[in-house]
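In: Sequence and predicted structure below; questions after.
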Amino acid sequence: MCIFCDIVAGKIPAYKLYEDDEVLAFLDISQVTKGHTLIIPKAHCDHFLACDSEQMQAVMRVAQRLGKHIMESIGANGMHILSNIHEAAGQSVPHFHVHLIPRYDENDSCVITFNPSEKQNLEQLQKQLTL
Ligand code: AMP
Ligand code: ZN
């Protein structure tokens with residue numbers, strides 16, 4: 001179905017760090033920083049918002065456990081946990097995955113910048129977005 005399904009099926013090799021019946025974790029081939037890791041559900045779903053809550057919880061449980069382990073094992077000083085949804089947000093593989101990106105210092109090879117946009121009407125946004 002997709003390249004990550006091929007990894008789950010063993011058709012493409014990966015440097016696996018964790019595996020159970022539902023979840024697989026492996027090193028990202030591009031290593032934005034040393035130890036950059038992906039956690040995926042074995043069953044295909046397109047992205048975080050599209051998967052069922054059991055899948056999501058299984059992935060996030062492993063992300064937390066492996067995140068702690070990587071932090072302790074590799075000497076990182078911080079970590080990003082992120083999941084891109086759709087191309088507009090930089091998703092290039094359409095199979096839900098969580099990135100663990102260890103950070104060593106502010107000047108390492110990972111750049112994630114939050115630039116403020118034009119001023120927003122927060123009152124209107126609250127009305128529009130409250131669940
Ligand atoms: P995203 O851009 O959020 O969809 O992330 C997809 C990630 O998958 C990228 O960081 C790629 O480097 C990574 N990737 C693509 N193909 C492979 C592969 N065969 N093995 C490991 N990581 C991969
Ligand atoms: Zn897939």
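Out: Cool, the structure landed. Ligands and ions are numbered 1, 2, ... in the order given.
In: burial count for Y104?
Out: The number of residues packed near Y104 is 16, by other CB atoms under 10 Å. Every residue, glycine included, has its C-beta placed from N, CA and C.
In: ok, it - contacts?
Out: Taking CB atoms under 8 Å, 6 or more residues apart in numbering as the criterion, Y104 is in contact with 33-34, 75-78.
In: near ligand 2, which residues of this protein show up?
Out: Within the chain, the residues that sit near ligand 2 (CB under 5 Å from the ion) are 1-2, 4-5, 44, 95.
In: So among the contacts of Y104, where is pLDDT lowest?
Out: The lowest pLDDT within the contacts of Y104 belongs to G75, with 94.
In: any idea how far that one lies from E19?
Out: Counting by CB to CB, to the nearest Å, the gap from G75 to E19 is 25 Å.
In: Then R65?
Out: Counting by CB to CB, the separation of R65 from E19 is 13 Å.
In: Keep only those of the residues of the chain next to ligand 2 that are in helices.
Out: 4-5 (DSSP state H).
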